[in-house]
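Engineer: Model the following, please.
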Amino acid sequence: MADAILNRLTANNIFDLRASDTVQGIGLMIATTLVANGATVYIIGPKQADLDKMAKAYNEAAAKDPRRGKLVGLEGDVRLKSEAKRLADEVGKREKHVTILFNNAGIAVGTFQKPENATAEAFIKGYFDPITQDDFTNSLATNAVGPYWLSFAFLPLLEKWKSSELADKFVPQIVMTSSMNGWTKDSDTSGRSFPYMYSKSAIGHATSSLAHELLPLGIRVNGIAPGLFLTEMSDPGSTDELGQAHSTGKQHPFKVPAGPNGGSNRDVGSLALMLVANWFINGETVLIDGGTLLLHPSSY
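Structural biologist: Just a heads-up that it's a prediction; the model follows:
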């Protein structure tokens, strides 16, 4: 009996995702962690050729170890309600159910330069003139509205997980990726983009709201709020052909106590695994920012 209890609590058993199915629109940090632990992961992006190239590289490596999962790329526009339904139908043709939906697509546009003078004219020139209507429209649609459509479109597949053979191991879940910039009061931490800050604030609140709404279905909703991670969005030109980030030496306008290069795929990947395996967290957003908001004013 004691042996069985100890075996059940090993990391290998807790984080063994074989036979689980995950859909997400993230870069490769979380996706590859899930594949490394046995999950089948559907990644969504704007270009099928790019998705296929990345999936091929990782699937060839994963095929050498039966403990690994696989990547499957699906082209789609996560901003649109019609696309959310189509993508859910596409996954439903291939899988009986979905264990986790990661809503992680994000863009950062509409940046500004801080004014040098404290005058209304200088503030209009810095904050108002460079920002377009489309900057806000696209940011909100991609970062905040798209996750709403996808969350509800995938509910039937998430609900079906509860009748799967591994339903007693993992609870179906939606994981939202917001950002530390949903709580910061210092625009420097956002790359100086108010459209980005507004959209991430919205998805941060949506996480707890949807968790409340979905209680009757037994489907959890949690969130991840990253700080600085080296990606093409935060540091253009920093990723190689496998999507791995390498610092370009770019100076960011804020400090990260844990280090200037930000977090790694191991950092955010291990957090994702924890959320997948833990039954007892619901409606929460986990801040993973290397201590950044300890230095900058925030409401987190």
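
Engineer: Stretch 124-132 spans what distance, first to last residue?
Structural biologist: With C-alpha to C-alpha, to the nearest Å applied, stretch 124-132 spans 13 Å between its terminal residues.

Engineer: Not counting that stretch itself, show me its contacts.
Structural biologist: Stretch 124-132 is contacted from outside by G110, T111, F112, Q113, K114, P115, F194, P195, using C-beta atoms under 8 Å, 6 or more residues apart in numbering. For every residue, glycine as well, the C-beta is placed using N, CA and C.

Engineer: Now restrict those residues to buried residues only.
Structural biologist: Applying 16 or more other C-beta atoms under 10 Å to those, the neighbour count classes G110, T111, F112, F194, P195 as buried.

Engineer: ok, the third one to N181 distance?
Structural biologist: According to C-beta to C-beta, to the nearest Å, F112 stands 14 Å off from N181.

Engineer: now the first one
Structural biologist: For G110, the distance to N181 (C-beta to C-beta) stands at 13 Å.

Engineer: next one: the second one
Structural biologist: Remark: distance between T111 and N181 (C-beta to C-beta) = 13 Å.

Engineer: tell me the contacts of M180?
Structural biologist: T189, A225, P226, G227, L287, D289, T292, L293, S298, Y300 are the contacts of M180 under C-beta under 8 Å, 6+ apart.

Engineer: what do you get for Y300?
Structural biologist: M180, W183, T184, A225, L287, L293.

Engineer: what about 7 Å?
Structural biologist: Each residue near Y300 by C-beta atoms under 7 Å, 6 or more residues apart in numbering is listed here: W183, L287, L293.

Engineer: want to throw those residues into JSON lines with secondary structure, pLDDT and distance to R220?
Structural biologist: Formatted as JSON lines, these follow (DSSP: H, G, I helix; E, B strand; the rest coil; pLDDT from 0 to 100; distance: C-beta to C-beta, whole Å):
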{"residue": "W183", "secondary structure": "coil", "pLDDT": "95", "distance to R220": "21"}
{"residue": "L287", "secondary structure": "strand", "pLDDT": "96", "distance to R220": "18"}
{"residue": "L293", "secondary structure": "helix", "pLDDT": "95", "distance to R220": "25"}
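
Engineer: From the residues you listed, pick the one nearest E95.
Structural biologist: Checking these against E95 with C-beta to C-beta, the nearest one is L287 at 31.6 Å.

Engineer: Hmm, A225 and that closest one touching each other?
Structural biologist: Yes: applying C-beta atoms under 7 Å as the test, L287 and A225 come out as touching, 4.7 Å apart.

Engineer: Looking only at neighbour counts, state which of the two leads.
Structural biologist: A225 (23 against 20; other C-beta atoms under 10 Å).

Engineer: strand partners of the helix or strand hosting the more buried one, parallel vs antiparallel please.
Structural biologist: If you go by DSSP states H and E, A225 is part of strand 220-226. If you go by DSSP bridges, strand 220-226 pairs up with strand 173-177 (parallel), strand 285-288 (parallel).

Engineer: Return the alpha-carbon coordinates of the last one using PDB.
Structural biologist: Output in PDB follows, covering the C-alpha atoms of strand 285-288 (Å, rounded to 0.1, in the frame of the first residue of the first chain):
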ATOM      1  CA  THR A 285      -3.700  33.500 -12.300                       C
ATOM      2  CA  VAL A 286      -0.100  32.600 -11.400                       C
ATOM      3  CA  LEU A 287       2.400  35.400 -11.800                       C
ATOM      4  CA  ILE A 288       5.700  34.200 -13.300                       C
END
